[in-house]
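In: Have a look at this prediction, sequence included:
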Amino acid sequence: MLRQFPGTHIAALAGLTALIGVTLLVSQGSNQSQTSKTFDVAPVSPVAQNSQTATQAEQYSHAGMVSPARTLAYAAPPDLQSLLGVNLENVPEPQISAADAEQDASGEGIREEALEWQRFTIERGDSLSSLFTDAGLSHQEMYRVLNGEGKPDKLSRLRAGREIEFGFDDNGKLSMVVLHNSRTTKLKAVRQDKGFHTYEEMREPKVELAYATGDIQTSYILAANRAGLGTKVRNQLSRIFGWRVDFSRDLRKGDRFGVLYEKQYLDGEMIGHGRILAATFTNKGETYSAALYTDSEGNSDYYTPQGESLRKAFLRTPLQYQRVSSHFDMNRRHPILNRVRPHEGTDFAASPGTPVKASGDGRVTYVGRDGGYGKTVRIDHGNEVSTVYSHLRSYKRGLRRGETVQQGEVIAYVGMSGLATGPHLHYEYRVSGQPRNPLHVSLPDADPIPEDRMAEFQAQTNPRLARLSEEDNSFQIALAEE
Ligand SMILES: [Zn+2]
């Protein structure tokens, strides 16, 4: 009846599969213009070996490179934690931390490895009581768990495909229930003197740095895929540079990118990609550089090495639209009123319910109906700029006048309230009250790094940019030697 759980074997096997996957991908992509590599974290210096960071000093290995037979010369870089901007010394190995502060009091005296475990994969139609029954446990025992301390109610949130484990002591008494919610979070109910205590436990994935570069032959997506970027990093990269380069129209053959980013590992298996720390993009001979900066309040954004924002202060278009159904036109004949009435904005046709975003940071000055414009939101962005969003179906729940909103924040949903022939957003961009063509007005840059933060900005971003250019250079050298 009692089974040891085979978790480690599964993880090892999955790791192996992932490794084979990467190798295949790399040999297919060993087209000389693409490469990607990961930096493993292993001891390099005697100093580091004495501390917690022993395993975190960097070494590096290629997940892919110009030629599989070659290893690039590589100088040990500045320490990983300054690049990542985190204090790795505070992250314990194996990096398990409880989301619940009460965790220390629980689980005391119970050694998980000393228990006998039964593991079940939750299927559609399973309930907590059916799973307790399958484990040979009574309903009374289940109620003892559910009436315990902490967050036992979360045990009832079962999803098909997830796993639940029951741990029994030497006497066959239930000591622990573990519900695996994801690779990084689990819910644990642990027997204590007075009853069960249920809490969440999170695992921090191990972060490694990776570098990838590619040049565009036919499309950005193909180049990014060949470089092994993955959808998330690929989209992040185009979002960072999308303010300067129009990825749907401006790309040319020979454009290239280099990117330093995070990969997350759990039990030796890559589980996802993290943030981009620094990147370059060369478009039509012009190279743009970006580095991630996080300020003391925890706000993160990408800046040029000089501290200028890569963003504009406004989105050109505040929604995902199908087409422009009516342009800005100060002499337009109104389609319903049939008389000359200036069209002071741009109409974007979109499906009803499409989210409408604030095009820039600002303060809401109006939420309500506005005659033929129907449901309308107005935002004051300061510096004499305001924007208007009309014919809405509905507003974001709770949106009020006086509220501050951030660029990209959803404020409303597309509809056809007021005088409208179909669902669309009527969007206005005004400077000192005067309407400007939203599609052509020159948009101001987002705020640069303030002078008094410049030293801190450079301390954070310079090592990232230096590391990226080091990688770019060693790749160029390798190409030349080819
Ligand atoms: Zn309009």
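Out: Everything's here; your move.
In: out of everything not next to it in sequence, what's closest to whatever residue of the stretch 351-482 of the chain ends up closest to the ion?
Out: With CB to the ion, the shortest gap between the stretch 351-482 of the chain and the ion falls at His426, namely 3.3 Å. C-betas here are computed from N, CA, C, even on glycine. In this structure, His426 finds its nearest non-sequential neighbour in Ser390, 4.0 Å apart by CB to CB, 6 or more residues apart in numbering.
In: residues in contact with the one you found?
Out: Gly345, Asp370, Tyr373, Gly374, Lys375, Thr376, Gly418, Leu425, His426, Tyr427, Glu428 (CB atoms under 8 Å, 6 or more residues apart in numbering).
In: which ones are touching the residue nearest to Val356 when sequence neighbours are not counted?
Out: Among residues not flanking Val356 along the chain, Ala412 sits closest, at 4.5 Å (CB to CB, 6+ apart). Residues in contact with Ala412 (CB under 8 Å, 6+ apart) are Pro355, Val356, Lys375, Val377, Tyr389, Leu392, Arg393, Ser394, Tyr395, Lys396, Leu399.
In: Quick check: bridge partners of the fourth one?
Out: Spelled out, it's Val377. Val367, Tyr389 (DSSP bridges).
In: so it sits right up against Arg369, yeah?
Out: No: contact between Val377 and Arg369 fails when scored by CB atoms under 8 Å: they sit 11.1 Å apart.
In: Who has more neighbours out of the two?
Out: Counted by other CB atoms under 10 Å, Val377 and Arg369 do not tie: Val377 has more neighbours, with 24 against 13.
In: Run through the residues that contact the more buried one.
Out: By CB under 8 Å, 6+ apart, the residues touching Val377 are Val356, Val364, Tyr366, Val367, Val388, Tyr389, Leu392, Tyr395, Leu399, Ile411, Ala412.
In: ok, of the contacts of Ala412, which come out buried?
Out: Val356, Lys375, Val377, Tyr389, Leu392, Arg393, Tyr395, Lys396, Leu399 (16 or more other CB atoms under 10 Å).
In: Run the chain-centre distance for the helix or strand containing the fifth one.
Out: Leu392 belongs to strand 385-395 when elements are defined using DSSP states H and E. Once both centres are worked out by CA atoms, centre = their mean, to the nearest Å, strand 385-395 turns out to sit 28 Å from its chain's centre.
In: and the lengthiest strand in the chain, what other elements does it pack with?
Out: Counting residues, the longest strand found in the chain (DSSP state E) is strand 269-283. Other helices and strands packing on strand 269-283, by 3 or more CB pairs under 8 Å, 6 or more residues apart in numbering; DSSP states H and E, are helix 7-28, helix 230-241, strand 256-266, strand 286-294, helix 454-481.
In: looking at the ones you listed, which is closest to Asn181?
Out: strand 256-266 (13.9 Å; CB to CB).
In: between the closest one and helix 230-241, how big is the angle?
Out: Relative orientation of strand 256-266 versus helix 230-241 (axes from the mean of the first three to the mean of the last three CA atoms, to 10 degrees): 130 degrees.
In: what's the angle between strand 256-266 and strand 269-283?
Out: 170 degrees.
In: Pull out the buried positions in strand 256-266.
Out: Quick answer for strand 256-266 (16+ other CB under 10 Å): Arg256, Phe257, Gly258, Val259, Leu260, Tyr261, Glu262, Lys263, Gln264, Tyr265, Leu266.
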